[in-house]
Every structure is written in C-alpha cells, then in structure tokens.
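>>> Following is a predicted model, sequence given first.
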Amino acid sequence: MKYFVEKSSIVREIWGKADYILFIFAGASAEFALNKAVDWLYFTGRLPADPLGRLFSTVAYARQIVFAEYDDAILAINKIAAIHQGVEKQRGTQIPDWAYRDVLFMLIDYSIRSFEILERKLNESEKEEVFQTFLQVGSGMKISGLPQSFEEWKIMREEHLRDDLLKGDFTIDLYKQYKKHLGIFRYYMLMQVQVLVVPDRVNALLSLGKIPWLVPVIGGYKLTRLLGFEKLIRNAILPPDYKAQVVALDQV
C-alpha cells in the first residue's frame, strides 16, 4: 500500500502529535494575521466569525494529507484546490500564487520550529523530508514558482517574511477575534507560544516581546511526559469548543 508520506518519515511523527500541531497552529495564527492576502480569508466571512475553527481546518487538511494513502491524499489536494477556485470565481479574481506559497511555507517552517522547541533539533535530512512533503502538496495544487530544494526554500522564505507581511486593520481585528474566542488566559497563552515559535520579523510586526515566560513551563511540561501527565495538563488549557478536535489529533 502506497502512502503519501512514508510511515517512517519524521513528518508523520511531527503531525501525529497534538502538542506539535498546536504550536504549528499558534505560529500560523500569527502569520495569517499579517499576510497581505488575508483579505481573501475575510471575503467569505468565515475567518472573523470563527477564526479558531478556520485555522484548525487548514491544519486538519494538512494532517489528513500527511497520513493518507497516496490516492486519497491526491483527492484531498484536488478538493482544496477546487474550494479555492470556487472562492476565486465568487470574488471574480484570482488568489495570487505568492499567497498560496506563503501558506505552504508556513506549514514547512512551523513544522520544523514546533518539533525543535518541544523535542529536539532536526537534522538536514529530516528538514528535507518536511520540505519535500509540502512541495508535493504545492505541486499537486499546481502552485507556480515553488522552490525545488530546501536551501532555495530558505531564501524564498526570508523574501516572503520581508515582502508579504503587513500589520494592518485586518491584523488588529483578527487578534481581537482571537481574544474574544479564546478568553483572556488562553489568548495570552497563545501569544506566549507565538513568542517562542514565530520568526523575528513576525514577532517585530506584532510586538510580541522577546522574553517568553513559557520557557520554564515547557521544561516542566517535558518532565510531565516522563510521568505521563502531559495530556491532562494540555487538555486543561484547551478551549472547551475545540478540546475534542485537538485531542483527536494525537495519532498514538
């Protein structure tokens, strides 16, 4: 049986654990808010109405592809492309290719960053696996101008961070929605995770700060893994409306 991602791949390890995925979500939620194409996410009204659900759905689609059989993954990729084409038709214009690349680049970057914060440093071969997986997704969606190597991706990622991000009215509104839907405590927890996981450029634009008080908390959290308590702690701080969705992300 052929899978889209080999069972032995580091990509399955990253996307098979809710802890890592929550950090990916935190990073993506920051960068989505700054992206110059975020107006596309406001066009349907789904993002401001349910920002957590909208972002979780993006992550859930990516995870579905990672664990799917090859043919099923291709169908899922085609479905994503069709959904976006429908929005383009409704609005009467096309989503720019750089906006598609930006989302793909986020998934690559935050997959790596999240695992390295919570687990260990990835070697170059493992990083290449992450890159190649999402390159396949982008190629399947027929996104133009994709990098063909991890080294080329690093250069393009820096260009994106420099050129495609802007703090504007949508950014401010989206963070208000995060706060509304999460509550004050969980909202500040989200921001603290963002301090840990986002690139410096994103941090600077959002003024997140440079001293993450979650560092010692994460050290203690890692210790709870050894004792088997980590899921109890994690689940206690999850928003009730999304707890079941997040718990279900654990592959093992």
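Received the coordinates, thanks.

>>> my read: residue 33 touches residue 169, true?
No - under the contact definition of Cβ atoms under 8 Å, residue 33 does not touch residue 169, with a separation of 10.9 Å. (Each C-beta comes from the backbone N, C-alpha and C, glycine too.)

>>> Show me which of the two is the more surrounded one.
For residue 33 versus residue 169, neighbours defined as other Cβ atoms under 10 Å are more numerous around residue 33 (27 against 10).

>>> Remind me what the one helix or strand the more buried one maps to packs against, helices and strands.
When elements are assigned from DSSP states H and E, residue 33 belongs to helix 18-34. Where contact means 3 or more Cβ pairs under 8 Å, 6 or more residues apart in numbering; DSSP states H and E, helix 18-34 is packed against helix 51-67, helix 97-118, helix 169-182, helix 184-197, helix 200-206, helix 230-236, helix 243-247.

>>> Model confidence for residue 136, exactly?
In this model, residue 136 is scored at 94, pLDDT.

>>> Could you number the chain from 117 rather than 1 from now on?
Got it, first residue is 117 now, which makes that one residue 252.

>>> how close does it sit to residue 320?
The spacing between residue 252 and residue 320, counted by Cβ to Cβ, to the nearest Å, is 32 Å.

>>> more neighbours, these two?
Between residue 252 and residue 320, counting by other Cβ under 10 Å, residue 252 is the more crowded of the two (17 against 13).

>>> And the pLDDT at the spatially closest residue to that one that is not a sequence neighbour?
Distances taken as Cβ to Cβ, 6 or more residues apart in numbering place residue 120 nearest to residue 252, at 7.2 Å, with adjacent residues excluded. Here, the pLDDT recorded for residue 120 equals 93.
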